[in-house]
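Asks: I need the structure of the sequence given here:
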Amino acid sequence: QLQLVESGGGLVQPGGSLRLSCAASGFTLDYYAIGWFRQAPGKEPEGVSCISTRGGSINYSDSVKGRFTISRDNAKNTVYLQMNSLKSEDTAVYYCAARSYDCSVYPGSYHYWGQGTQVTVSS
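Replies: Model prediction:
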């Protein structure tokens, strides 16, 4: 069964950090670009970051640029999202998704999705 599983979410105070993981099972991530998306209650899904198959191309949304870092470890079949200087507006369910080759800002173009992990930034 082809699966993406996110982990690492939780409750953190403003200014804190979390590292999300996106682990694949049933397939190798080597040939897939991985995107992180988030959705807050009552809002449209938002693309957060994306990393290409070999990490040569990385994109960030303006809202997280300079605070979040995406990386991948193909040997562990896992992609990470390091989130620093978290703000209340980062509160959302975070999803990772995989698509062949290159990154895309369109969620509908991704083939596989995880179940999501909740990130709550609150004092």
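Asks: what about D90, distance to D73?
Replies: Between D90 and D73 the distance is 23 Å, computed by CB to CB, to the nearest Å. (Each C-beta comes from the backbone N, C-alpha and C, glycine too.)
Asks: look at those two and report which has more neighbours.
Replies: The residue with more neighbours, out of D90 and D73 and counting by other CB atoms under 10 Å, is D90; that gives 22 against 12.
Asks: phi, psi for the more buried one please.
Replies: Per-residue torsions, D90: phi -80, psi -10 (degrees, to the nearest 10).
Asks: can I assume it is in contact with S122?
Replies: No - here D90 does not reach S122: they are 10.5 Å apart, not a contact under CB atoms under 8 Å.
Asks: just for this structure, where's the confidence low?
Replies: In the prediction, the chain carries no residues with pLDDT under 70.
Asks: quick one, strands of it?
Replies: When assigned using DSSP state E, the strands of the chain occupy the ranges 3-7, 10-12, 18-25, 32-39, 46-51, 58-60, 68-73, 78-83, 92-100, 112-113, 117-121.
Asks: deepest of those strands, which one?
Replies: The densest packing among the strands of the chain, expressed as mean neighbour count by mean count of other CB atoms under 10 Å, is seen in strand 32-39 with a mean of 24.
Asks: quick one: contacts of that one?
Replies: By CB atoms under 8 Å, 6 or more residues apart in numbering, the list of residues contacting strand 32-39 from outside reads 20, 22, 45-53, 70, 72, 79, 81, 90, 92-104, 107, 110-112, 119.
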